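Colleague: Here is a sequence with its predicted model. Questions after.
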Amino acid sequence: MENDKKLHEAQFMQLVMTLQSSAWMMLGKVTNPATGKIEKHLDAAKATIDTLMMLKEKTRGNLSKTEEDFLSNALQQL
């Protein structure tokens, strides 16, 4: 059971990192690895940030302190 909890925490943090990285790319802050270019897609960036905000709202009270802090920090950085 404890292993499942740790695995789920790692998977949640990986999901947040993936969405955050995607948002950075769509904001034109990092290079798109597929094209090697800086590209801006602000509507897509907003949708991704909104998804992170929805995750924060829908998971309230169900996250570990580590997960909650990680998600909040990702949103704050964006």
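Modeller: Yes, it's here.

Colleague: how much space between Lys37 and Lys29?
Modeller: 13 Å (C-beta to C-beta, to the nearest Å). The way it works is simple: take the backbone N, C-alpha and C, and place the C-beta from them, glycine included.

Colleague: what about the helices in the chain?
Modeller: 2-26, 42-58, 65-77 (DSSP state H).

Colleague: and the ones you listed as a markdown table, adding mean neighbour count, mean pLDDT and distance to Pro33?
Modeller: As requested, the helices of the chain are exported to a markdown table (neighbours: other C-beta atoms under 10 Å; pLDDT from 0 to 100; distance: least, C-beta to C-beta, whole Å):
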| stretch | mean neighbour count | mean pLDDT | distance to Pro33 |
| --- | --- | --- | --- |
| helix 2-26 | 14 | 94 | 8 |
| helix 42-58 | 14 | 98 | 16 |
| helix 65-77 | 14 | 96 | 19 |
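
Colleague: ok so, going back, more neighbours: Lys37 and Lys29, which one.
Modeller: Just comparing Lys37 and Lys29: by other C-beta atoms under 10 Å the higher neighbour count belongs to Lys29, 12 against 9.

Colleague: distance of the residue nearest the centre of the chain from Glu39?
Modeller: The centroid of the chain falls nearest to Val16 when counting by C-alpha atoms, centre = their mean (2.8 Å). Remark: distance between Val16 and Glu39 (C-beta to C-beta) = 22 Å.
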